[in-house]
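> Sequence first, predicted coordinates after that:
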Amino acid sequence: MRERAAQVPDRLQRLTDRLDEEAPENCLGNGATVDEIHAVERELGVRLPESYCWFLREFGFTFWPEFIYGIAHGKSPGMRVTWQAAVERARVTPPLPRHLVPFSPDGWGNHYCLDTARWNGPECPVVFWDHEQSENQAPETTHGSFLEWLEDALEESGDEEEGAADEDAVEGEPEVGAPEPRPGRQLPPGPRGICYRPPHPGAPPLDRDGSPVELHLRNQNPAGPVDEILRLDHRGTAKYARNHPKSSRKLDAKGSANDS
């Protein structure tokens, strides 16, 4: 049974109750202490917004409704925000600026991040860091706060469940719109592939560090195929140019990240 943080406002309590009630089994952490949160801030070198600190106190990390990095006791490093930030800052292209804190991957090599260079009282905005853009990109602001982002993630999760039910009801009807990209290579089990099964149906498998396996459109072709790939094989500084020929030409022309 998770220990609860005391004295939380109604809006936060509603989110806490909904996560507790709707999350699949074993998809929520156990929460962190104030001292542990301060230690994370020191290691990251930034101040963390109030709503993300509430999340850390209540849950620590989650696998649902999205993978949300945080403080993970006794878990693989992949769910620790400090470990993820260190990798994203130093071992991939484009490197993440120090004022951005990656807290949730989108599955394709991009991250939702806390922009700790901009503040509105106790909160900072959430931005979308695009791995196919340069390190000098001005990332898109998606939400005014982590709390707003989490509320949207919960709503989208509910919409997806309703959509799946609708699809079951109209099975056999042709879909309208652009075709889905065709599937490509799948990673095998083992140290250089998938080491952990998905924490819940619909979630990606995990690598040996406990990080979600990424997807990549081969040769950046929208039609696919879509390959499963490990982060450093996908975006590591030695592999980026091979996997992202279109982005690499743009980056080299701007004199930014060079991935030789």
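On my side now, so go ahead.

> what's the pLDDT at the nearest residue to Arg197 once chain neighbours are set aside?
Excluding the flanking residues, the one nearest Arg197 by Cβ to Cβ, 6 or more residues apart in numbering is Pro205, at 6.2 Å. (Glycine included, C-beta is placed from N, CA and C.) At Pro205, the model reports a pLDDT of 92.

> With Glu155 instead?
pLDDT, Glu155: 95.

> swap in Glu167?
45.

> ok, which stretches of this protein are strands?
100-105, 111-115, 126-129, 140-143, 214-217, 226-229 (DSSP state E).

> Any chance of JSON lines for these, columns distance to Arg80 and mean neighbour count?
Formatted as JSON lines, the strands of the chain follow (distance: least, Cβ to Cβ, whole Å; neighbours: other Cβ atoms under 10 Å):
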{"stretch": "strand 100-105", "distance to Arg80": "11", "mean neighbour count": "23"}
{"stretch": "strand 111-115", "distance to Arg80": "14", "mean neighbour count": "23"}
{"stretch": "strand 126-129", "distance to Arg80": "18", "mean neighbour count": "22"}
{"stretch": "strand 140-143", "distance to Arg80": "23", "mean neighbour count": "14"}
{"stretch": "strand 214-217", "distance to Arg80": "18", "mean neighbour count": "20"}
{"stretch": "strand 226-229", "distance to Arg80": "22", "mean neighbour count": "20"}
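
> Those strands into JSON lines, with extra columns for mean pLDDT and distance to Pro183?
Listed next are these as JSON lines, based on pLDDT from 0 to 100; distance: least, Cβ to Cβ, whole Å:
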{"stretch": "strand 100-105", "mean pLDDT": "98", "distance to Pro183": "20"}
{"stretch": "strand 111-115", "mean pLDDT": "98", "distance to Pro183": "24"}
{"stretch": "strand 126-129", "mean pLDDT": "98", "distance to Pro183": "25"}
{"stretch": "strand 140-143", "mean pLDDT": "98", "distance to Pro183": "28"}
{"stretch": "strand 214-217", "mean pLDDT": "94", "distance to Pro183": "10"}
{"stretch": "strand 226-229", "mean pLDDT": "94", "distance to Pro183": "6"}
